[in-house]
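Chemist: Output the structure for:
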Amino acid sequence: MSWNSGIRQAHRWLSMIFTVSVIATFIALALERPVVWVSYVPLLPLALLLITGLYLFVLPYAAKWRGRRRGGGD
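Modeler: Here you go, the predicted model:
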């Protein structure tokens, strides 16, 4: 498995973890006596999603830039 596909797979798993944590947060905050610190749980997967998402967003542009630099551009 290459580095890029590993990042892509991690991004997919992080999105599932983030979704579950948001659902759990909504349920926990809907209780009669909500635990406020639970609202911070989705922030870690969200930060990791931001990092991996930005990496995946830049990949095509970096490949195009490397292609031009080597002389094989448009």
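
Chemist: how many neighbours does Ile7 have?
Modeler: The local packing of Ile7 (other C-beta atoms under 10 Å) involves 16 other residues. In short, each C-beta sits where N, CA and C put it, glycine included.

Chemist: typo on my end, it should be Pro45
Modeler: A total of 19 residues lie near Pro45 under the criterion other C-beta under 10 Å.

Chemist: secondary structure element for it?
Modeler: Pro45 belongs to helix 43-69 when elements are defined using DSSP states H and E.

Chemist: Which strands or helices does that helix pack on?
Modeler: Secondary-structure packing of helix 43-69 (3 or more C-beta pairs under 8 Å, 6 or more residues apart in numbering; DSSP states H and E): helix 3-29.

Chemist: re earlier: and the angle from the helix holding Pro45 to helix 3-29?
Modeler: The directions of helix 43-69 and helix 3-29 differ by 160 degrees, with axes from the mean of the first three to the mean of the last three C-alpha atoms, to 10 degrees as the criterion.

Chemist: which of the residues in helix 43-69 are buried?
Modeler: By neighbour count, with 16 or more other C-beta atoms under 10 Å as the criterion, the buried positions of helix 43-69 are Pro45, Leu48, Leu49, Thr52, Tyr55.

Chemist: what's the distance between the first one and Arg12?
Modeler: If you measure Pro45 against Arg12 using C-beta to C-beta, to the nearest Å, the figure is 12 Å.

Chemist: Check this structure and tell me which residue is nearest its centre.
Modeler: With distances taken as C-alpha atoms, centre = their mean, the residue of the chain nearest its centroid is Leu49 (1.6 Å).

Chemist: so what's it closest to, chain neighbours aside?
Modeler: Computed as C-beta to C-beta, 6 or more residues apart in numbering, the closest residue to Leu49 that is not its neighbour in sequence is Leu14, at 5.0 Å.
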